[in-house]
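S.K.: could you work out the structure for the sequence below:
(one chain, ligands or ions: 1)
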Amino acid sequence: MTYQNFSLEQLQAIDSAHHLHPFTDHKDLRGAGARMITRAEGPFIYDLEGNQILDGMAGLWCVNIGYGREELAKAAYEQMKELPYYNSFFRCSSPTPVLLAQKIAELAPKGLSQVFYGSSGSEANDTALRLVRQFWALEGKPEKNRIISRRSAYHGSTIAGTSLGGMAGMHGQLHGAVPNIVHVMPPYAFEEAKPGESDDAFGLRAAKAVEDAILEAGVDNVAAFIGEPVMGAGGVKIPPATYWPEIERICRKYDVLLMLDEVITGYGRTGNWFAAETYGITPDTITTAKALTSGYQPLSALLVGDRVADTMVQKGGEFYHGYTYSGHPVACAVALANLNIIEKEGLVERVREDTGPYLNKALAEAVGDHPLVGETRSIGMMAAIEIVKDRNTRERFPGDGSAAVLIRDHAIANGLMMRATGDTMILSPPLIWTRETIDTACERIKSALDAAA
Ligand code: PLP
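M.R.: Predicted coordinates:
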């Protein structure tokens, strides 16, 4: 059966009849029908009607090496022929996940040299949550089990992922959260900084919210703090430079583990292999997924620091946790080919030294003083545009993000895939974008804003 035998309308009708989409209001979808993406090449995706769209979101923050890479298809094919599946349970292993674990350990910040695999970022965060609580239980402190997170955080859609996350809408539908998770303010200066407060001072105040939460819960009750180095789905909220070093200091002071969720930032997006390096911190765990395979296969890797791993290995006995697809050999083969491309093409350095700073400047120049824009900001290849009704007062449009949705729709119609989160427009393109691609994207963003003004 090939989709070419179907018209767009037929596929949309089947989609409506049988396919429940993630994060979708199906009443909307059934009116308009879904855009059918049928193929992709380099930085572009193509829909069934033949429209070419520049993918400003790298799929869902994941296709770092762009589309259509033969090497990854070959790696999957070769691995499938030789060993399509075997697990790492019960004293078995297979070479590909082993070699990938070694490669990840080589790229990771020093001290994080062990890897636990899953198939998604959500699974990896579930693993991380169980692991840190088990760590403290093994250390003889089972009551040290609370986790501090932030409002607006996104850590996945499983029950644990949603409980860890801080999105109000998701919590509203949780109907039974994982207990002992506390949420504090995010380091979001655009909305949370006081008039006249410097960025650095705000960063320290946002970090202090974490310290206050630790003290309120009682130091002996807090297992860990979890955070995305740069909040992604919550609106590319980039913390001030003072924030993460202060968080690290607080965590060390109270012996609270530091868990970084690098599902978006891992493997190059901020201009280093891991954002832990960008912010100069050493966490106890790092959750990664997405760009590990550039989205060509589902795979996540939880990087576990020596302190936690040593306790697990030496005092742990069996950890009753794992997934059928933990260390799936085909996904791991694709990950190795993907990391090889990122290295060979110097994509991380390119983001750090060239395209990251260029994106920052080009976006500010293109739309920084547009009447609908309250702020542009970016780090590496992650950017946000705050949509406002009034630039001076930062008053938002009524309608809970509907202005941003309108601009997003104009952008897509103009050939640029973007995302709107609340009142924030987001860009998170493949790392293969050049200065020219960035210029094209900025022109399209400006046209979309003009069309909506
Ligand atoms: N953590 C972060 C920071 C994410 O952005 C995401 C997904 O967007 C997840 C976790 C969940 O990953 P997945 O969708 O692979 O379960």
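S.K.: check the offset of the lowest-mean-pLDDT helix or strand in the chain from the chain's centre.
M.R.: Here the helix or strand of the chain ranked lowest by mean pLDDT, DSSP states H and E is helix 26-32, holding a mean of 82. Taking the mean C-alpha point of helix 26-32 and that of its whole chain, the gap between them comes to 27 Å (CA atoms, centre = their mean, to the nearest Å).
S.K.: separation between the residue of the stretch 1-150 of the chain found nearest the ligand and Ile45?
M.R.: In the stretch 1-150 of the chain, the residue that lies nearest the ligand is Gly121 (2.3 Å; CB to the nearest ligand atom). Heads up, the C-betas are built off the backbone N, CA and C, glycines and all. With distances taken as CB to CB, to the nearest Å, Gly121 is found 22 Å from Ile45.
S.K.: cool, Pro187 as well?
M.R.: Using CB to CB, one gets 32 Å for the distance from Pro187 to Ile45.
S.K.: who's more crowded, these two?
M.R.: Pro187 (29 against 21; other CB atoms under 10 Å).
S.K.: that's a strand at the more buried one, yeah?
M.R.: No. If the criterion is DSSP: H, G, I helix; E, B strand; the rest coil, then Pro187 is coil and not within a strand.
S.K.: what about it, distance to the ligand?
M.R.: To the ligand, Pro187 is 15 Å away according to CB to the nearest ligand atom, to the nearest Å.
S.K.: ditto for Gln173
M.R.: Separation of Gln173 from the ligand (CB to the nearest ligand atom): 16 Å.
S.K.: number of residues surrounding that residue?
M.R.: By other CB under 10 Å, 7 other residues sit near Gln173.
S.K.: same question for the one 4 residues further on.
M.R.: When neighbours are defined as other CB under 10 Å, Ala177 has 13 of them.
S.K.: and it, how close does it get to Gly161?
M.R.: Where Gly161 is concerned, Ala177 sits at a distance of 11 Å (CB to CB).
S.K.: which residue is the nearest non-sequential neighbour of whichever residue of the stretch 201-350 of the chain sits closest to the ligand?
M.R.: Per CB to the nearest ligand atom, Val263 is where the stretch 201-350 of the chain lies closest to the ligand, at 3.5 Å. Excluding its sequence neighbours, the residue lying closest to Val263 (CB to CB, 6 or more residues apart in numbering) is Gly121, at 3.7 Å.
S.K.: just Ala403 next, same as before
M.R.: Spatial nearest neighbour of Ala403, excluding adjacent residues (CB to CB, 6+ apart): Phe397 at 3.9 Å.
S.K.: right, and that neighbour touches Asp423 too?
M.R.: Yes. If you go by CB atoms under 8 Å, Phe397 and Asp423 touch, sitting 7.2 Å apart.
S.K.: who touches both of the two?
M.R.: 387-388, 403 (CB atoms under 8 Å, 6 or more residues apart in numbering).
S.K.: ranges for the helices of the stretch 301-450 of the chain?
M.R.: Taking DSSP state H, counting those that start in this stretch, the helices of the stretch 301-450 of the chain run over residues 306-315, 329-344, 347-350, 356-367, 402-413, 435-452.
S.K.: OK, contacts around Ser212?
M.R.: Careful, residue 212 is Asp; it's not Ser. Per CB under 8 Å, 6+ apart, neighbours of Asp212: Val184.
S.K.: can you give me phi and psi for it?
M.R.: Note on Asp212: backbone dihedrals following degrees, to the nearest 10 are phi -60, psi -40.
S.K.: tell me the buried residues in the least confident helix or strand of the chain?
M.R.: Neighbour counts over helix 26-32 (16 or more other CB atoms under 10 Å) mark Leu29 as buried.
S.K.: flag every residue of the protein that's near the ligand.
M.R.: 60, 120-122, 125, 154-156, 228, 232-233, 261, 263-264, 289 (CB under 6 Å from any ligand atom).
S.K.: so which of Phe397 and Asp423 has more stuff around it?
M.R.: Neighbour comparison, Phe397 and Asp423: the larger count goes to Asp423, with 24 against 17 (by other CB under 10 Å).
S.K.: ok, the more buried one touching Glu386?
M.R.: Yes. Between Asp423 and Glu386 there is a contact at 6.5 Å, judged by CB under 8 Å.
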